[in-house]
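Visitor: sequence and computational prediction follow.
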2 protein chains.
Amino acid sequence: MVPTLLASAYENSERSALTRILVEAEVLFAERGFDGVSINEVALAAGVCKANVFHHFATKQDLYERVLTQACDAFGRSLDALELKERDLAGRVRRLVEWHNAFLYQRPHGTRLILRELTGSPTALERSPVFPLIQRNFDRVVGLLSEVSDKLREGISPALVAKVVLSLNLFGFQTERLNEKLTVAGSLATRPELQRQWLDLLLHGIEARD
Amino acid sequence: MVPTLLASAYENSERSALTRILVEAEVLFAERGFDGVSINEVALAAGVCKANVFHHFATKQDLYERVLTQACDAFGRSLDALELKERDLAGRVRRLVEWHNAFLYQRPHGTRLILRELTGSPTALERSPVFPLIQRNFDRVVGLLSEVSDKLREGISPALVAKVVLSLNLFGFQTERLNEKLTVAGSLATRPELQRQWLDLLLHGIEARD
DNA sequence: ATGCCGGCTAACCGATCGGTCAGTAGTTAC
DNA sequence: GTAACTACTGACCGATCGGTTAGCCGGCAT
């Protein structure tokens, strides 16, 4: 059995230096952003020297973009693996919400990385190399909802539903710690309970009246 | 008439150095984050020398926290000025959404600054000096909705409604540029139209059936 | 055995970082 | 007049930044 405190170091030694650099860079960039992390820190965390990082990546920007692209690709691959057999609106939306939520918490660093990219100035986002990747991923989610768009209430578009689903999940993820401390009239419950509530709200809001 | 290109410099010369530093620091920190901005840049933008910034603020962190606190206070003051006379649920929610949305676009830099603070690691957020301020502001919004909570559908709490309203507005603000380029089936319309759609969705979702 | 090539490192580079300090100009108080 | 104080600046500090360079080492083809 590997001691807990050394688990990360142990895992690191089992991977190639390149992989270790990418993994540690993702964690660090996610926590402190591009400018908040030095190449030296990444190298130290990955157990290599600084020059080795520059052996694998031309510049710091290069490393950053690789990590960023990886995170977007992971979203796409997870979306590939998602099979939406449900043909009814409620079931499909529920599955989508659960899948997305699970994905966020399975890859918290990649998620935060992309959230960071969204948070800069609008022009900075447009210059970002992952701008088209993010758009494409969003388009794919919209596509999944378009297949059942005939079940939607009039005036509610699939793109709107996709946006609301992704927004609420992402914002919930982003403000996780904020929720835990809220005390207003004992109103905000645990995370699953909160999610159940807004999913209920959403379904009531989008389904055509019966 | 002041030439457009010099307007900012002109306005700057009309204010005290301290004010100019705070204003320019907010813009720069919002665009590039704490680590992405040097004190020298702030000083240059404010038209003073670097040492002068340190004359008014003990450290860079000090300046950053002042700017951050200012942004939170602005939210609180704007909330003070908001009079919610509406006693019906729909009208009140609509007013709240419109107020919040207007506030975000009136103070884009302060908004992005706080979004940045939310985007770091959860533990970083908890250590942030504005953590309690953000919570307090959220609590106040919840309070505004609690007054009409008897009109809510069962299982829907005022805190949930507050969270959905703030989430969708903030996320809409955050991904503004993303929307403009979306082309899926001509689905995502202009920003006001999109907001009308989700407000409609929200009201259908939360109101007790008649 | 030899030459070569990719992974890797220690040492180094100029630039810039946050922050300090000594001193100047202007204003007020006595 | 001068002491005291505030706003402000240019020059400077050690540390760290992103990036480079020369060279070491083990494997592999010839």
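Guide: Cool, got the structure.

Visitor: C-alpha only now, for contacts and for neighbours.
Guide: Fine.

Visitor: need the nearest residue in space to A:V53, chain neighbours excluded.
Guide: Of all residues not flanking A:V53 in the chain, A:A43 sits nearest, at 6.5 Å (Cα to Cα, 6 or more residues apart in numbering or on different chains).

Visitor: next SSE downstream of the host helix or strand of that neighbour?
Guide: Assigned by DSSP states H and E, A:A43 belongs to helix A:39-46. Sequence-wise, the next helix or strand downstream of helix A:39-46 (DSSP H and E) is helix A:50-56.

Visitor: A:G120 against B:F29, yeah?
Guide: No: if you go by Cα atoms under 8 Å, A:G120 and B:F29 don't touch, sitting 9.8 Å apart.

Visitor: how about the longest helix anywhere in chain A: buried residues?
Guide: Determined from DSSP state H, the single longest helix within chain A is helix A:60-81. Across helix A:60-81, burial judged by 16 or more other Cα atoms under 10 Å in any protein chain shown covers A:60, A:63-64, A:66-73, A:75-76, A:79.

Visitor: out of these, which is nearest to DNA strand C?
Guide: Set against DNA strand C, the nearest of the buried residues of helix A:60-81 by Cα to the nearest atom of the strand is A:K60 (13.3 Å).

Visitor: look up how far B:K85 lies from that closest one.
Guide: 54 Å (Cα to Cα, to the nearest Å).

Visitor: quick one on the thing from earlier: ok, how many other residues are close to the residue nearest to A:V53?
Guide: Using other Cα atoms under 10 Å in any protein chain shown, A:A43 has 21 neighbouring residues.

Visitor: the one 4 residues further on now?
Guide: With neighbours defined by other Cα under 10 Å, the count for A:G47 comes to 16.

Visitor: quick one, phi/psi of it?
Guide: Recorded main-chain torsions at A:G47 are phi 70, psi 30, according to degrees, to the nearest 10.

Visitor: number of nearby residues for the nearest residue to A:L115 once chain neighbours are set aside?
Guide: Closest residue to A:L115 apart from its sequence neighbours, by Cα to Cα, 6+ apart: B:T119 at 6.6 Å. If you count neighbours by other Cα under 10 Å, B:T119 ends up with 27.

Visitor: quick one: name the residues of chain A near DNA strand C.
Guide: Contact residues (Cα under 7 Å from any atom of the strand) of chain A with DNA strand C: A:S16, A:A17, A:L18, A:G47, A:V48, A:C49, A:K50, A:A51, A:N52, A:H55.

Visitor: list buried residues within those.
Guide: A:A17, A:G47, A:V48, A:K50.

Visitor: for the spatially most central residue of chain A, give me the pLDDT.
Guide: What sits nearest the mean C-alpha location of chain A, by Cα atoms, centre = their mean, is A:T111, with 2.9 Å. A:T111 carries a pLDDT score of 97 in this model.

Visitor: just the one 5 residues further on next, same as before
Guide: Among the per-residue scores, A:R116 shows a pLDDT of 95.

Visitor: the residue of chain A found nearest chain B: neighbouring residues, count only.
Guide: Here the residue of chain A nearest chain B is A:G205; by Cα to the nearest Cα that distance is 3.9 Å. For A:G205, the count of nearby residues is 24 (other Cα under 10 Å).

Visitor: which residue packs closest to it, ignoring adjacent ones?
Guide: B:G205 is the one closest to A:G205 (Cα to Cα, 6+ apart), at 3.9 Å.

Visitor: before we move on, what about A:A45?
Guide: Once flanking residues are discounted, A:A45 sits nearest to A:E24: 6.2 Å by Cα to Cα, 6+ apart.

Visitor: secondary structure element for the one you found?
Guide: Secondary structure from DSSP H and E places A:E24 in helix A:17-36.

Visitor: next, the buried residues of that helix.
Guide: A:17, A:20-34.

Visitor: check stretch A:138-152 too.
Guide: For stretch A:138-152, a neighbour-count test (16+ other Cα under 10 Å) marks A:138-146, A:148-149, A:151-152 as buried.

Visitor: now do stretch A:119-137
Guide: Neighbour counts over stretch A:119-137 (16+ other Cα under 10 Å) mark A:T119, A:G120, A:S121, A:P122, A:L125, A:E126, A:V130, A:F131, A:L133, A:I134, A:R136, A:N137 as buried.

Visitor: could you do stretch A:101-119 as well?
Guide: Quick answer for stretch A:101-119 (16+ other Cα under 10 Å): A:101, A:103-104, A:109-119.

Visitor: how close does A:V48 get to A:H55?
Guide: With Cα to Cα as the criterion, A:V48 and A:H55 are 11 Å apart.

Visitor: that concludes my questions; thank you for your assistance.
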